[in-house]
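Enquirer: Show me the folded form of this:
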Amino acid sequence: MAEAAEAPAAAPRVDAPANDFLVVCDTQDVWSTGGALLKEIAKARRNNRITVGDVPCADGARAAKHEDVLPGLQRIGKNPKNARAYLSFTSQAAQENAVAALHEAKVKNKMWHAWAGNENHANYFSFVASEKQAHGKRKLGAMGGENDGADAKRAKAASIHDFVEPLYNVPYETQLAKKTANLEGVVKDIKAVIGKVWWGGRQPPPALQQALSTFHGVVPSPTQLGYRNKVEFTIGMGKDGKTPCVGFMFGKTAESLGWVEPATDVKVVSDRTKRVAAKFAAFLATSPHAPYDKFARTGVWRALLVREGVPKGAAERTGQPTSLLVDVSVNATTESEVFQSIAADLKTLFRTAEEAADEDKVEVASLSLTENQSMNNFCDEKAPTVIVKGAVEIEDRALGKKFRVSARSFFQVNSLGNEVLLNQIAKFANLTKDTLLVDLCCGTGTIGISLADRVKAVIGIDCVASAIDDARQNAAANGVGNAVYHCGKAEDLVHSVLGPHKDNPHLLAIVDPPRGGLHGKVLEFLRNSGIPRFVYVSCKQSSLVQNCEKLTQPCSNRIHGAPFAPVEAVGVDLFPQCDMQEMIILFERVQAAAAPEEETP
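Expert: The predicted model follows:
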């Protein structure tokens, strides 16, 4: 067994801050997590190998709470690649008892060393961050010593481009070739899934044997630079640790060794959005409030979200100016007076920007301030938001239709590329004036409304009530009278909404699920419904491959409808400079083989 690393003598922590009395434990274990160690401590306590005064351990194989294992324990954390575990206690007495109990305890044939955290940090998170910064990932080397290779890895870290736009230095033709190869691999994976689900000597129908015989490659984006109509910037300290910066996180953020890099040279961000970020960064330099530190849980500024409505290409076609939506998020614990003062400062900042010279002009149609209540810097649509100036939403366009876009509503980030995507969907769907289009996972109705004038009617279904409300308003704003929207789960609405149309030969569905793919119940709904064909729009192809199992497998006790066969596919590049692409696949219902005719005598 490797010799234990030398540790400070066990001693109570001095000058501990209230509510966070900290203990460090060198476990000599680079495999276990904090939760696994907690179970080992509970087991050792029940076997009397670890004792904490006269306090017994909770009965049972698993303790219900941390404090049932070690009195006063609030939290325990350990990276599986790190030999050190970090524990937080409610009192100095609990801390001292834990050090006495864990120091030189033998767990899993390893001698533990425990000591009190002596640095006076605000809380557990800032203490752990400082420990990791000082010691890195403490892996045991071949000779039992410590091997900290974190600094060397950081020295070799790539530029911010490799995080935001990893293909930034690759010619666009080569990018398309790479993405085409990626999707050709997906086609092979789908064919392998079909072979997997038709096992045991069962012969797939001919349509499945010929699945995806046609792949049309990847359709390029109309624009490759500055195309993102939505950018979420992190607000934090720059590399020097002193200058507030607006941009993207870089470095080892989990170990509090990250910083924010500005987006000055990032190709996918437009010049207009960069001007907003630069304007705000200059404002931060004079602000009395600091950026938020998630480890110390101090500071105010958290994120800057910028959206552009009516992209440049559309503006040139329609003569309408591009509108900007700006949302600034601050920490939720910000005092009311400070919050109101920040709102006034923002209103002044962007009013001054509008009155500046043309080259510095930043027009903001919607300015809002959001309280972020989460650990993550980017909050959801439920976060409390105050409109500081202008409207709640701005408008964007697709195939001549206009759509309301709020700060956190979903809309494709490449507006001109989205029009290419919609046209490819229509091409695969082979829409006619007889088509009854079922828009599953319809969201705010972008696909159905954009294609409504090519079909007889649109039925939209989504389980998010706010999205359905937006879809109805978007349909009304565009004068679309042949679209109806229903809120609820698709599997629950199949009989009431689609029942009257189940025998309609012109019934067609379009599904555009989130990155996780379609829910299992929606897949069963598609199989058991009367829908003869549908178009699947995939933003994450690994989820598409998983979904193909239920879509193509033989009938079972739960799945009664005939399987679908993937007929043809095409890719659309919505993300130039990035290693991602959309994929569209047409699925058609496999027809049952006709019964053999009886021979005439």
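
Enquirer: check contacts around the most centrally placed residue in the chain.
Expert: The centroid of the chain falls nearest to residue 515 when counting by CA atoms, centre = their mean (8.4 Å). Contact analysis of residue 515 by CB atoms under 8 Å, 6 or more residues apart in numbering lists 539, 540, 543. No exception for glycine: its C-beta is placed from N, CA and C like everyone else's.

Enquirer: Which PyMOL command selects the buried ones in the residues you listed?
Expert: Restricted to buried positions by 16 or more other CB atoms under 10 Å, the PyMOL selection for the contacts of residue 515 reads:
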select buried, resi 539+540+543
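
Enquirer: Need the contacts of residue 515 in JSON lines (columns: distance to residue 409 and pLDDT).
Expert: Output for the contacts of residue 515, formatted as JSON lines (distance: CB to CB, whole Å; pLDDT from 0 to 100):
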{"residue": "539", "distance to residue 409": "16", "pLDDT": "93"}
{"residue": "540", "distance to residue 409": "20", "pLDDT": "93"}
{"residue": "543", "distance to residue 409": "22", "pLDDT": "93"}
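
Enquirer: Quick one: the contacts of residue 515 as CSV, columns for distance to residue 566 too.
Expert: Output for the contacts of residue 515, formatted as CSV (distance: CB to CB, whole Å):
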residue, distance to residue 566
539, 17
540, 16
543, 15
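
Enquirer: all helices for the stretch 351-500 of the chain, in order.
Expert: If DSSP state H, counting those that start in this stretch is used as the criterion, the helices of the stretch 351-500 of the chain fall at 415-429, 446-451, 465-477, 490-498.

Enquirer: Any stretches of the stretch 1-150 of the chain with poor pLDDT?
Expert: 1-19, 53-65, 67, 118-150 (pLDDT under 70).

Enquirer: burial measure for residue 453, as a count.
Expert: 15 (other CB atoms under 10 Å).

Enquirer: How about it: what's its closest non-neighbour residue?
Expert: The shortest distance from residue 453 to any non-neighbouring residue, by CB to CB, 6 or more residues apart in numbering, is to residue 480 (7.8 Å).

Enquirer: Sketch out the low-pLDDT regions of the stretch 351-500 of the chain for me.
Expert: 352-362.

Enquirer: From residue 544, how far out is the residue nearest to the centre of the chain?
Expert: According to CB to CB, to the nearest Å, residue 515 stands 10 Å off from residue 544.

Enquirer: nearest to residue 300, of the helices of the stretch 351-500 of the chain?
Expert: For the helices of the stretch 351-500 of the chain, proximity to residue 300 was assessed by CB to CB; helix 465-477 is nearest, at 28.4 Å.

Enquirer: then that closest one to PDB, C-alphas only?
Expert: Extracted C-alpha coordinates of helix 465-477, given in PDB (Å, rounded to 0.1, in the frame of the first residue of the first chain):
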ATOM      1  CA  ALA A 465     -49.000  26.400 -22.000                       C
ATOM      2  CA  SER A 466     -47.000  29.600 -22.600                       C
ATOM      3  CA  ALA A 467     -45.600  28.300 -25.900                       C
ATOM      4  CA  ILE A 468     -49.200  27.500 -27.100                       C
ATOM      5  CA  ASP A 469     -50.300  31.000 -26.200                       C
ATOM      6  CA  ASP A 470     -47.400  32.500 -28.200                       C
ATOM      7  CA  ALA A 471     -48.200  30.200 -31.100                       C
ATOM      8  CA  ARG A 472     -51.800  31.400 -31.200                       C
ATOM      9  CA  GLN A 473     -50.700  35.000 -31.000                       C
ATOM     10  CA  ASN A 474     -48.100  34.500 -33.800                       C
ATOM     11  CA  ALA A 475     -50.800  32.800 -36.000                       C
ATOM     12  CA  ALA A 476     -53.100  35.800 -35.400                       C
ATOM     13  CA  ALA A 477     -50.400  38.300 -36.100                       C
END
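
Enquirer: So which residues make contact with it?
Expert: Here helix 465-477 has contacts from 381, 401-404, 409, 442-446, 448-449, 452, 460, 462, 481, 483, 485-487, using CB under 8 Å, 6+ apart.

Enquirer: Please identify the buried residues of that helix?
Expert: Those would be 467, 468, 470, 471, 472, 474, 475, for helix 465-477 by 16+ other CB under 10 Å.

Enquirer: Please state the offset of it from the chain centre?
Expert: Chain-centre distance of helix 465-477: 24 Å, with CA atoms, centre = their mean, to the nearest Å.

Enquirer: rewinding a little: so which of the helices of the stretch 351-500 of the chain is nearest residue 169?
Expert: Among the helices of the stretch 351-500 of the chain, if distance is taken as CB to CB, the winner is helix 415-429, at 20.9 Å.

Enquirer: For the closest one, buried residues please.
Expert: Using 16+ other CB under 10 Å as the test for burial, helix 415-429 gives 415-422, 424-426, 428-429.

Enquirer: From residue 209, how far out is residue 565?
Expert: According to CB to CB, residue 565 stands 9 Å off from residue 209.

Enquirer: More neighbours: those two, which one.
Expert: Taking neighbours as other CB under 10 Å, residue 565 and residue 209 compare with residue 565 leading, 24 against 14.

Enquirer: Restrict whatever helix or strand the more buried one lives in to CA atoms and write it as PDB.
Expert: Assessed by DSSP states H and E, residue 565 sits inside strand 564-572. Extracted in PDB, the C-alpha atoms of strand 564-572 (Å, rounded to 0.1, in the frame of the first residue of the first chain):
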ATOM      1  CA  PHE A 564     -41.800   3.400 -39.800                       C
ATOM      2  CA  ALA A 565     -39.000   3.200 -42.300                       C
ATOM      3  CA  PRO A 566     -36.600   6.100 -42.600                       C
ATOM      4  CA  VAL A 567     -36.600   6.900 -46.300                       C
ATOM      5  CA  GLU A 568     -34.300   9.700 -47.000                       C
ATOM      6  CA  ALA A 569     -32.300  12.300 -45.100                       C
ATOM      7  CA  VAL A 570     -30.500  15.600 -45.500                       C
ATOM      8  CA  GLY A 571     -28.400  17.800 -43.300                       C
ATOM      9  CA  VAL A 572     -28.700  21.600 -42.900                       C
END
